[in-house]
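Asks: predicted model, plus sequence, below.
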Amino acid sequence: MDYIREIFKRADIQHLREFLANGVECVEIDPRSYRERIEAPRKCFLDALRKAFPDENAYEEMTSKLYGFVGATEEVYMEIGLQAGFRLTVQLLQTAGNPDEKRKG
């Protein structure tokens, strides 16, 4: 029954994310909070950007463009995530009463 234990070991949101987004297995779970996972690369990038653009106006222009790009990416992937979640919910509801029933669509 070790295979069952392995299934539940992989039943993690980060594993699901990696498979759905990239089609690959998640190598390791990141134990940091969402905030920490975002803040570390953000700070690293902004520090590098500050060095590359010491002029305040140029720095502000570049960060504005970056945040525009990141915001658009965030919106698109949030919408994709909501649609994927909805599709998974529909599949679960379709098979909830009869797990042997074939899925529709």
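Replies: Sure thing, it's come through. Predicted model, so just to flag it, every value in this text is computed and none were measured.
Asks: contacting residues for the residue nearest the centre of the chain?
Replies: For the chain, R17 is the residue whose C-alpha lies nearest the centre (C-alpha atoms, centre = their mean; 5.5 Å). Each residue near R17 by C-beta atoms under 8 Å, 6 or more residues apart in numbering is listed here: C26. (Glycine included, C-beta is placed from N, CA and C.)
Asks: where are the low-confidence patches of this structure?
Replies: Scanning the chain for pLDDT under 70 picks out the ranges 1, 99-105.
Asks: quick revisit: gap between the residue nearest to the centre of the chain and D30?
Replies: Note on R17: its distance to D30, by C-beta to C-beta, to the nearest Å, is 11 Å.
Asks: distance of the residue nearest to the centre of the chain from N98?
Replies: For R17, the distance to N98 - C-beta to C-beta - is 29 Å.
Asks: ok, now E36?
Replies: 43 Å.
Asks: so what's the gap between stretch 72-86 and the chain middle?
Replies: Offset of stretch 72-86 from its chain centre (C-alpha atoms, centre = their mean, to the nearest Å): 9 Å.
Asks: all further residue positions should be reported with the first residue as 191.
Replies: Renumbered: residue one is now 191, and that last one reads stretch 262-276.
Asks: list the buried residues in that stretch.
Replies: Neighbour counts over stretch 262-276 (16 or more other C-beta atoms under 10 Å) mark no residue as buried.
Asks: show me what whatever helix or strand Y267 lives in is packed up against.
Replies: Element membership for Y267 (DSSP states H and E) is helix 246-286. Counting contacts by 3 or more C-beta pairs under 8 Å, 6 or more residues apart in numbering; DSSP states H and E, helix 246-286 packs against helix 224-242.
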